[in-house]
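> Got a sequence here, can you build the structure:
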Amino acid sequence: MNSDERIQTMQTDGGGLNELVRRSRLLGADRSVCNFGGGNTSSKVRQTDFRGRITDVLWVKGSGSDLAVATARSFTALRLDDVLPLFEREQLSDEEMVAYLEKCMLDPHHPRASIETLLHAFLPFAHVDHTHPDAIISLCCAPGGRELATQLFGDRMVWVPYIRPGFALSKMIAQGVASHPHAELVLMEKHGLVTWGDTSESCQKQTLAVIQEAHAYIAQRASAASDPTGSPFGRARVAPLSASDRRALVIDLLPVVRGAIGQTKRMLTLYDDSDAVLEFVCSDKGAALSQVGAACPDHLVHTKRVPLWVDWTPGEQSAEDLVAAVRTGICAYQDSYRDYFQRHHDEGDVISDAGPRVILIPGVGMINTGKSWVHADISRQLYQRAIAVMRGAVTLGGFVSLSEQESYKVEYWPLELYKLSLAPPEGELARQVGLVTGGAGGIGSATCRKLAAAGMHLVIADLNLDGASSVAAEINALYGPMRAIAVDMDVTQVERVEAAFELATATFGGVDLIVNNAGLATSNPLDETTVAEWNLTMNVLATGYFLVAKTAFGLMKRQGTGGTMVFIGSKNSVYAGKNVAAYSTAKAAETHLARCIAAEGGEYGIRVNSILPDAVLQGSQIWNSTWRQERAATYGIAPDELDDYYRKRTVLQVNVLPDDIAEGVLFFASARSAKTTGCMLTVDGGVATAFTR
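Residues are numbered from 1 along each chain as shown. The predicted structure follows:
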């Protein structure tokens, strides 16, 4: 087949690229085929350039994108006539390759070309897939993997010994394929699979067919094994704890993990007790296998070379022993990682945080860490893949990985780190978790939006679960999955308050900020204020704030990384108004409670401050209740005249909006107020009668 026959004609409607996107998403949707962010696909087409010339073009997945969610904007187009002369070079550094490929791009606004672009360019096929399937990597990470693969695929396969991706590997693969006329696939030692086809559909079918062959081969080997345990990981060394016992232990443990890791840089955590994970952590061989190394080079940035295996035996040791083992283990892991960096670093390398990304606990499961929920979930997914690879490799005779030095070179490889640099800069509240009560209302929802924009993960608590869920959905649509969750919480009920904090801990690992904002209001002369009205107001605005703060205080102490509390008080916290005895008394109690907690929390790094707003009508559930009519009656005006009335009584002649209060919360939540606690900040437009004195 000559080059003209290999190049597919692209439709004027972009059908060729659309087919590439479709194939990529299908392959990427199965994580046992393609890791998060790993693998790449390509198509060679003929299309018109900006000058109207017919040009042979390579479309290839850009650096840092994920096949599972690929769009047309995830791909880069390069002029093949400019790329192919590189094949004649004897050597080419990574830096030279990147600079050269940038000059070959059809559009400078496309993403940077993948590290493995030349692999796709040098192979003389219209469509090429490079994937990291579990079954294939099991073959590639087994001792004698080449011999096993030859038994399976024969002369249809080209085997390439491990070298880091780039020019040399790409040229080696192309030369290997050229010298094997019957080749249908390439296996890269400790790395993955390359397949191809004349059409996008045939390429996809070939990729999946080869993977299925490897699956069947491993399954056949497993069924022929004589191991009476039925598991390649050997007998169960310990039994998994019951689901309820596991959850109770983990809820107690996750804040400890966050605290131990977060002494230098905070992380979020995620817990996994899936069947495959439990089998591995409870097995006889799990501890030793986990320390061999990464199952795939693509894993290293997100999982590090090895996980932390916690030395703890359920049934023989207590929960307190587990906490101590985790603290000791994290400290030892950090020391070991710093030593690893010192042994291998090059000039200019900057150490990443030294804490583990994966923590394995016998009888309990796996804890994953990351700078966001998404990154913790990537770590979780990739280690699930690692377990699957180890299962297959051990079935085939054992598991081998990269050397420690090569692992370091991959982890700190500039072309790999470049992918991480594509993420937007972290916000000032990134890696932190906030819980906001009354989060569906005007002040609460504005606060949640403001905190989310600054990078915080949020637990939006409200009796109005539909409203809280709506705010969470809005935030997730803007900032990505699991940036916010909603919870139905009544602040007057101890069990529901504790359940909300348990959900926050189970989801994110703990809480760094609470905003006590849940509220209600009634207005009556003292002699018309009922005991029921008084008790309800006190229960919500005083007892409720106490319960939320008390629960958060214990959690923050357990984390050991400090914390922040913001109480949304009122101008009435310091001003004695008419017909609001219950409301004003409760609001005064709130701010004094905040000062008391500030005095007690200082030694733990817990700061507590209050914001005193006035007449925040916009979006307020309170002001949409009878409170509006009651306050209007007190002032002898119509309800629709309240906005103007409140504006005119301020020194600044302004109305106070929910976003104004949210700005105050952001200030207290941020490092800008790091040396402020026990403070009352008025955000009321300047109500002179409520000036503090």
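> Which positions within stretch 23-43 qualify as buried?
By neighbour count with 16 or more other C-beta atoms under 10 Å, stretch 23-43 contains the buried residues 23-28, 31-43. Yep, even glycine has a C-beta here, placed from its N, CA and C like the rest.
> Out of those, which sit inside strands?
In strands, defined here by DSSP state E, the members of the buried residues of stretch 23-43 are 40-43.
> Tell me how many other residues crowd the closest residue to residue 222 other than its chain neighbours.
Take residue 222 and drop its neighbours on the chain: the residue closest to it by C-beta to C-beta, 6 or more residues apart in numbering is residue 395, 4.8 Å away. Residues near residue 395, counting by other C-beta atoms under 10 Å, number 24.
> And for residue 532?
8.
> by contact count, what packs against the strand or helix carrying it?
Residue 532 is part of helix 531-538 when elements are defined by DSSP states H and E. Applying 3 or more C-beta pairs under 8 Å, 6 or more residues apart in numbering; DSSP states H and E, we find helix 531-538 packed against helix 581-601.
> can you list contacts of the helix it packs on?
The contact list for helix 581-601 (C-beta atoms under 8 Å, 6 or more residues apart in numbering) reads 516, 521-524, 526, 529, 533-534, 537-538, 540-542, 545-546, 549, 553, 556, 563, 565, 567, 569-570, 572-577, 606-610, 612, 677-678, 680.
> Now restrict these to buried residues only.
Using 16+ other C-beta under 10 Å as the burial test, those include 516, 521-524, 529, 533-534, 537-538, 540-542, 545-546, 549, 553, 556, 563, 565, 567, 569-570, 572-575, 577, 606-610, 612, 677-678, 680 as buried.
> Inside strands: which ones of those residues?
516, 563, 565, 567, 606-610, 612, 680.
> ok, and what's touching stretch 74-84?
17, 20-21, 24, 44, 49, 55-62, 65-66, 101, 103-107, 110-114, 117-118, 121-122.
> Return the subset of those lying in helices.
Among the contacts of stretch 74-84, the members falling in helices (DSSP state H) are 17, 20-21, 24, 101, 103-104, 117-118, 121-122.
> Mind checking which of the residues you listed are buried?
If we count by 16+ other C-beta under 10 Å, the ones in helices among the contacts of stretch 74-84 have these buried: 17, 20-21, 24, 101, 104, 117-118, 121-122.
> so which of these comes closest to residue 245?
Lowest distance from residue 245 to those (C-beta to C-beta) belongs to residue 24, with 42.7 Å.
> Residue 70 is in contact with that closest one, correct?
Yes - Residue 24 is in contact with residue 70 according to C-beta atoms under 8 Å; the separation is 4.5 Å.
> Spit out the residues that contact those two alike.
With C-beta under 8 Å, 6+ apart as the test, residue 24 and residue 70 both reach residue 61.
> Residue 203: what's its closest spatial neighbour, skipping adjacent residues?
The shortest distance from residue 203 to any non-neighbouring residue, by C-beta to C-beta, 6+ apart, is to residue 197 (3.1 Å).
> can I assume residue 129 sits in a helix?
No - secondary structure of residue 129 (DSSP: H, G, I helix; E, B strand; the rest coil): strand, not part of a helix.
> show me the contacts for the closest residue to it other than its chain neighbours.
Distances taken as C-beta to C-beta, 6+ apart put residue 207 closest to residue 129, at 4.6 Å, once the chain neighbours are dropped. For residue 207, the contacting residues are 27, 33, 129, 131, 193, 195, by C-beta under 8 Å, 6+ apart.
> in which helix or strand would I find residue 207?
Per DSSP H and E, residue 207 falls inside helix 200-224.
> Name the next helix or strand downstream of that helix, please.
Downstream of helix 200-224, the first helix or strand assigned by DSSP H and E is helix 243-261.
> And the next helix or strand past that next one?
strand 268-272.
> Partner strands of that following strand, with direction?
strand 365-370 (antiparallel) (DSSP bridges).
> Can you name the residues in contact with the strand it pairs with?
Defining contact as C-beta under 8 Å, 6+ apart, one finds that strand 365-370 is touched by 240, 246, 250, 253-254, 257, 261, 267-274, 277-278, 281, 302, 307, 355-361, 376-380, 383, 509.
> can you give me the helices for the stretch 551-693 of the chain?
For the stretch 551-693 of the chain, helices defined by DSSP state H, counting those that start in this stretch occupy the ranges 581-601, 626-635, 642-648, 658-669.
> now the helix holding residue 532 against helix 581-601, angle please.
Going by axes from the mean of the first three to the mean of the last three C-alpha atoms, to 10 degrees, helix 531-538 is angled at 30 degrees with respect to helix 581-601.
> Restrict helix 531-538 to CA atoms and write it as PDB.
What follows is helix 531-538, C-alpha atoms only, in PDB (Å, rounded to 0.1, in the frame of the first residue of the first chain):
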ATOM      1  CA  VAL A 531     -42.900  30.500  74.700                       C
ATOM      2  CA  ALA A 532     -43.100  28.300  71.500                       C
ATOM      3  CA  GLU A 533     -41.800  31.200  69.400                       C
ATOM      4  CA  TRP A 534     -39.000  32.000  71.900                       C
ATOM      5  CA  ASN A 535     -38.000  28.300  72.100                       C
ATOM      6  CA  LEU A 536     -38.000  27.800  68.400                       C
ATOM      7  CA  THR A 537     -35.800  30.900  67.800                       C
ATOM      8  CA  MET A 538     -33.400  29.900  70.500                       C
END
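> Now do that helix, average pLDDT.
Per-residue pLDDT values over helix 531-538 give a mean of 93.
> could we number from 6 for the rest of this?
Got it, the first residue is 6 from now on, which makes the last one we talked about helix 536-543.
> residues making contact with that helix?
525-527, 529, 587-588, 590-591, 594.
> contacting residues around residue 136?
Each residue near residue 136 by C-beta under 8 Å, 6+ apart is listed here: 32, 38-39, 44, 197-198, 200, 212, 216.
> Show me how the record splits this structure into domains.
Following automatic domain parsing, one finds the domains of the chain at 8-229, 248-426, 438-618+662-690.
> Just put those in TSV and tack on distance to residue 655.
Output for the domains of the chain, formatted as TSV (distance: least, C-beta to C-beta, whole Å):
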stretch	distance to residue 655
domain 8-229	49
domain 248-426	39
domain 438-618+662-690	3
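> looking at the ones you listed, which is closest to residue 239?
Among those, domain 248-426 comes nearest to residue 239, with 3.6 Å by C-beta to C-beta.
> And the closest one, end to end?
Domain 248-426 has an end-to-end distance of 39 Å (C-alpha to C-alpha, to the nearest Å).
> per-residue confidence averaged over it?
Domain 248-426 carries an average pLDDT of 94.
> And the helices in the stretch 56-205 of the chain?
So, for the stretch 56-205 of the chain - with DSSP H, counting those that start in this stretch - the helices run 85-88, 99-109, 122-127, 139-145, 150-158, 172-183, 205-229.
> hang on, I meant the stretch 256-405 of the chain
If DSSP H, counting those that start in this stretch is used as the criterion, the helices of the stretch 256-405 of the chain fall at 280-286, 291-295, 305-308, 324-349, 378-400.
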